[in-house]
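Student: got a predicted model here, sequence first, then my questions.
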Amino acid sequence: VEPASRRDVPARHFVGGKVPLGLKRKGLRVLVTGGAGFVGSHLVDRLLERGDSVIVVDNLFTGRKDNVVHHFGNPNFEMIRHDVVEPILLEVDQIYHLACPASPVHYKYNPVKTIKTNVVGTLNMLGLAKRINARFLLTSTSEVYGDPLQHPQVETYWGNVNPIGVRSCYDEGKRTAETLTMDYHRGANLEVRIARIFNTYGPRMCIDDGRVVSNFVAQALRKEPLTVYGDGKQTRSFQYVSDLVEGLMRLMEGEHIGPFNLGNPGEFTMLELAKVVQDTIDPNAKIEFRENTQDDPHKRKPDISRAKELLGWEPKIPLREGLPLMVTDFRKRIFGDQDSAAT
Ligand code: NAD
Ligand code: UDP
Ligand code: UDP
């Protein structure tokens, strides 16, 4: 996605509205919070490829330097170890705000910290965006729909969320982050974008992060049983990470605020997912049933008509094509197999 605008320093930043010679740049300056994480690091790859200068702000709670180490030494790349719950002063043109743990195991680990990250962290990044007049994109989540009573989920659906449950730090946190984003838009005239991301998988996911795709893939590779929670009939829709990154960039560069569902409408029960993992890695992999977690949404599938129409976007990679790409990466990281193709 080519940046649509502001390839140069905005003239409004200078006295008299003229950009001094020598300050003209080819690319944009882009801040990616959470850029050392799974999704963020793939986004950073694409932005640098496009010719932008990228600053990653990440406290490395669930992110890893390994995810971005291939950019160390690139003058267009900079990483700052910083917690978004604390204010920060930077000068950029666009902010992709991803900083927040995404796996239920990680976000439940310290729920108060998760809320602070979603609320205070998002407030700080919006305050920053306002001061420097940057365009701000929030990565929200399908979890704002809670345990949905509408299926598939459309952006106009307000959701069915437990405000006092164990997932609330995340889903209510993201709902508040969406509210803050819209209030800065209405109150401070900030240019904002909101993405509601559905379950995404791919290379660089944390191997033991407790999410279902990473669990099943790591379990099958290690010859352990696949742990299916509950009866395994609950559904999710799984999107490959490159499709998501394309959607995020189109959203940032486009004219529409959103919210936009970004997800792959292909819906699978957890038992069907286990079958795809068996077919891809090991047909003899066993399945073991475990008690499900509290407040687990029964079904989830995005209606992506809005993104199709207004962003011209839809996912291209079905689960059976995307999974092997992730398996190659996991195999390499689990067994140190240098012969596997690089990601
Ligand atoms: P991730 O855990 O791999 O990445 C999150 C990154 O944010 C990590 O690098 C982590 O260290 C960093 N971070 C967390 N708290 C921070 C803080 N207080 N200050 C600075 N950095 C902090 O998760 P991901 O899957 O890459 O998710 C990225 C974003 O996308 C998150 O906001 C998540 O809520 C959203 N999202 C992801 C999915 C998915 O399926 N992957 C689905 C819905 C929404
Ligand atoms: N903020 C920041 N960097 C900036 C500007 C603001 O981290 O460059 C933080 C600031 O510390 C504040 C939050 O963003 O906590 C909201 O800022 P805003 O100016 O909108 O509100 P105020 O400071 O007036 O409460
Ligand atoms: N799940 C599972 N086995 C696992 C991990 C998760 O069956 O080892 C189930 C979980 O109960 C949920 C679904 O998989 O119904 C998706 O869980 P995940 O944590 O990946 O993401 P969520 O969509 O709940 O945020």
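Tutor: Sure, I can see it. Ligands and ions are numbered 1, 2, ... in the order given.
Student: list the contacts of the one helix or strand residue 219 maps to.
Tutor: Under the criterion of DSSP states H and E, residue 219 resides in helix 212-221. Under the criterion Cβ atoms under 8 Å, 6 or more residues apart in numbering, residues 103, 199, 201, 205-208, 224-227, 236, 238, 270, 273-274, 277-278, 280-282, 285, 323, 326-327, 330-331, 334-335 lie in contact with helix 212-221. Heads up, the C-betas are built off the backbone N, CA and C, glycines and all.
Student: now do the one helix or strand residue 333 maps to against helix 212-221, angle only.
Tutor: Using DSSP H and E, residue 333 sits in helix 319-335. Taking axes from the mean of the first three to the mean of the last three Cα atoms, to 10 degrees, one finds helix 319-335 and helix 212-221 inclined to each other by 60 degrees.
Student: what helices or strands is helix 319-335 leaning on?
Tutor: The elements that helix 319-335 packs onto, with contact taken as 3 or more Cβ pairs under 8 Å, 6 or more residues apart in numbering; DSSP states H and E, are strand 200-201, helix 212-221, strand 239-240, helix 270-280.
Student: who's in contact with residue 78?
Tutor: Contacts for residue 78 (Cβ under 8 Å, 6+ apart) come out as 53-56.
Student: per-residue confidence at it?
Tutor: At residue 78, the model reports a pLDDT of 98.
Student: okay, helices next: where are they in the protein?
Tutor: 38-50, 104-109, 111-116, 122-132, 168-188, 212-221, 241-253, 270-280, 305-311, 319-335 (DSSP state H).
Student: redo the ones you listed as TSV? Include mean neighbour count, distance to ligand 1 and mean pLDDT.
Tutor: Shown next, in TSV, are the helices of the chain (neighbours: other Cβ atoms under 10 Å; distance: least, Cβ to the nearest ligand atom, whole Å; pLDDT from 0 to 100):
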stretch	mean neighbour count	distance to ligand 1	mean pLDDT
helix 38-50	21	3	98
helix 104-109	18	6	94
helix 111-116	16	7	98
helix 122-132	21	10	98
helix 168-188	20	7	98
helix 212-221	22	9	98
helix 241-253	22	8	98
helix 270-280	18	14	98
helix 305-311	17	15	98
helix 319-335	17	12	97
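Student: nearest to ligand 2: which residue in the chain?
Tutor: residue 127 (2.0 Å; Cβ to the nearest ligand atom).
Student: now for residue 199: which residues touch it?
Tutor: 142, 211-213, 236-239, 263, 300.
Student: by neighbours, which of those wins?
Tutor: Greatest neighbour count in those, by other Cβ atoms under 10 Å, goes to residue 263: 30 neighbours.
Student: check contacts around that residue.
Tutor: 142, 196-200, 237, 239, 301-302, 304, 315 are the contacts of residue 263 under Cβ under 8 Å, 6+ apart.
Student: go through those residues and say which is closest to ligand 3.
Tutor: Nearest member of those to ligand 3, counting by Cβ to the nearest ligand atom, is residue 199, at 5.1 Å.
Student: relative to residue 30, how far out is that closest one?
Tutor: 25 Å (Cβ to Cβ, to the nearest Å).
Student: count the neighbours of the residue of the stretch 51-200 of the chain found nearest ligand 1 for me.
Tutor: Nearest to ligand 1, among the residues of the stretch 51-200 of the chain, is residue 63, at 2.0 Å (Cβ to the nearest ligand atom). Neighbours of residue 63 under the rule other Cβ under 10 Å: 25.
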